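S.K.: heads up, no residue letters with this:
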């Protein structure tokens, strides 16, 4: 099956710093999602981004589908950005629907 | 209440028990999902329901049995589980199943399950 690899596995930042998280995938996909899971376990959908760039406040994401990777940018990080960031890829074929997650990047933002 | 709620928040059960997890969404969505998050494996999508019909079952063992009586409620019935089934079970909903589309999923807080 498709492989989804995220890097780095862990990242520690000082508040105010910028960061880039990466998601590589091994095959063509129909869509890609970024999620944030806060330290209390709440999971939030950040972006659907099969290709191109999207921005939402201090977060932006870029997917280069032809090269099979996606990047999540966090600018001016805040302590509330701490948590695990997951990417997940979606492959749809006929009646089949497959969603595969990466293992996540654990981000810690220190005050 | 608003959003997606899950009960119970924590559950401890023996391998011979039968229990059910409940998810309720107050968002008027048509699609609901069960996910499993265990310590040693990536997040897994277990089931997808759209308008109370199961759309996807990602090869989940039969000891997990979902039920979607209406578009607002989703259950996960558990029986004869194994210790390795201990995990955080997350429910989500979206307006439509979306599949490859752009439907934002809204997640509940999860049920943390421990199987002894």
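M.R.: All right, it came through fine. Everything quoted here is computed from the prediction, not taken from an experiment.

S.K.: Residue B:50: what's it in contact with?
M.R.: When contacts are counted by CB atoms under 8 Å, 6 or more residues apart in numbering or on different chains, residue B:50 touches B:30-31, B:96-97. All C-beta atoms are positioned from the backbone trio N, CA, C, and that covers glycine.

S.K.: among the residues you listed, which ones are buried?
M.R.: Using 16 or more other CB atoms under 10 Å in any protein chain shown as the burial test, those include B:30-31, B:97 as buried.

S.K.: Can you list which of those are found in strands?
M.R.: If you go by DSSP state E, the buried ones among the contacts of residue B:50 have residue B:31 in strands.

S.K.: interface residues of chain A facing chain B?
M.R.: Neighbours of chain B within chain A, by CB under 8 Å from any CB of the partner chain: A:4, A:30-31, A:40-45, A:48, A:50, A:86, A:88, A:90, A:92, A:96-104.

S.K.: Check these for burial and list the buried ones.
M.R.: Buried members of the residues of chain A next to chain B, scored by 16+ other CB under 10 Å, are A:4, A:30-31, A:41, A:43, A:45, A:48, A:50, A:86, A:88, A:90, A:97-104.

S.K.: Tell me the pLDDT of residue 41.
M.R.: Answering for chain A, as no chain was given. Model confidence at residue A:41, given as pLDDT, is 88.

S.K.: oops, chain B please
M.R.: Reported pLDDT at residue B:41 in the predicted model: 86.

S.K.: again, but for residue A:1
M.R.: The pLDDT attached to residue A:1 in the predicted structure is 85.

S.K.: before we move on, what about the one 3 residues further on?
M.R.: Residue A:4 is assigned a predicted lDDT (pLDDT) of 96.

S.K.: Likewise for residue B:56?
M.R.: Turning to residue B:56, the model gives it a pLDDT of 74.

S.K.: Leaving out chain neighbours, which residue sits closest to it?
M.R.: With CB to CB, 6 or more residues apart in numbering or on different chains as the measure, residue B:48 is the residue that lies nearest to residue B:56, at 4.1 Å, once sequence neighbours are left out.

S.K.: Can you name the next helix or strand after the helix or strand where that neighbour lies?
M.R.: Using DSSP states H and E, residue B:48 maps to strand B:44-50. Downstream of strand B:44-50, the first helix or strand assigned by DSSP H and E is strand B:53-57.

S.K.: Now go through the buried ones among the residues of chain A next to chain B and say which are in strands.
M.R.: Per DSSP E, strands hold the following members of those: A:4, A:31, A:43, A:45, A:48, A:86, A:88, A:90, A:97-101.

S.K.: thinking again about what came up before, chain A next: which of the buried ones among the contacts of residue B:50 are close?
M.R.: Applying CB under 8 Å from any CB to these, one finds that residue B:97 fall near chain A.

S.K.: near chain A, which residues of chain B?
M.R.: If contacts are counted using CB under 8 Å from any CB, the residues of chain B sitting beside chain A are B:42-45, B:48, B:55-56, B:58, B:88, B:90, B:92, B:97, B:99-107, B:109-110.

S.K.: Can you tell me how far whatever residue of chain A ends up closest to chain B is from residue A:44?
M.R.: Shortest chain A-to-chain B distance, computed as CB to the nearest CB: residue-wise this is residue A:30, at 3.7 Å. Distance, residue A:30 to residue A:44, using CB to CB, to the nearest Å: 22 Å.
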